[in-house]
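A.B. asks: return atomic coordinates for the entry below.
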Amino acid sequence: MSPAARCRDRRGAAGHRSAAFFLTFRGTAGSLTLWLRFAKLRGINSGCGRGATNMTKSDLIKRLAEANPHLFLRDIERIVSTVFNEIGEALAEGNRVELRGFGAFSVRPRGERTGRNPRTGDEVQVPSKLVPYFKTGKELRERLNDD
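C.D. replies: Numbering: from 1, shown residues only. Next comes the predicted model:
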């Protein structure tokens with residue numbers, strides 16, 4: 001199945017802003033649309049910025065199961081795991097993964113440096129390594145900063 005993505009913005013009840021991200025997988029047996037809704041809720045702050053709440057992988061699977069009752073839970077789990085695994089494998093190979101309107105995942109090198117052992121305070125050489133990097137897409141960035 002190949003993904004196609006689009007993003008939209010809307011105002012919900014009481015004028016609360018939210019952004020929705022759709023990721024549609026089309027295959028020979030049909031299609032599945034993953035719908036992620038990022039809401040700005042008033043009065044709720046989990047510490048991860050601007051009143052957002054955390055969503056775990058199991059929360060995502062639960063929401064997709066509720067939105068797609070015609071699919072088995074095990075199939076939704078397999079689809080979500082496959083998407084995450086494919087992104088991870090692409091990054092491990094040094095490739096870039098781009099979801100238009102949402103953002104791009106890539107790998108960046110981090111040079112070697114001198115660190116400190118927190119227990120003893122001794123200097124320790126930290127070797128260079130590759131780290132994952134995420135850059136938001138234009139549409140998502142505009143939705144996050146449009147008040």
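A.B. asks: what helices or strands is whichever strand or helix holds residue 74 leaning on?
C.D. replies: Assessed by DSSP states H and E, residue 74 sits inside helix 73-92. Here helix 73-92 is seen to pack against strand 30-39, helix 57-67, strand 97-99, strand 103-110 when contacts are counted using 3 or more CB pairs under 8 Å, 6 or more residues apart in numbering; DSSP states H and E. All C-beta spots, glycine's among them, are computed from the backbone N, C-alpha and C.
A.B. asks: what's the angle from it to helix 57-67?
C.D. replies: Angle of helix 73-92 versus helix 57-67, following axes from the mean of the first three to the mean of the last three CA atoms, to 10 degrees, is 130 degrees.
A.B. asks: buried stuff in helix 73-92?
C.D. replies: 76, 79-80, 91 (16 or more other CB atoms under 10 Å).
A.B. asks: which members of these are the farthest-apart pair?
C.D. replies: Greatest spacing in the buried residues of helix 73-92, by CB to CB: 76 and 91 (23.2 Å).
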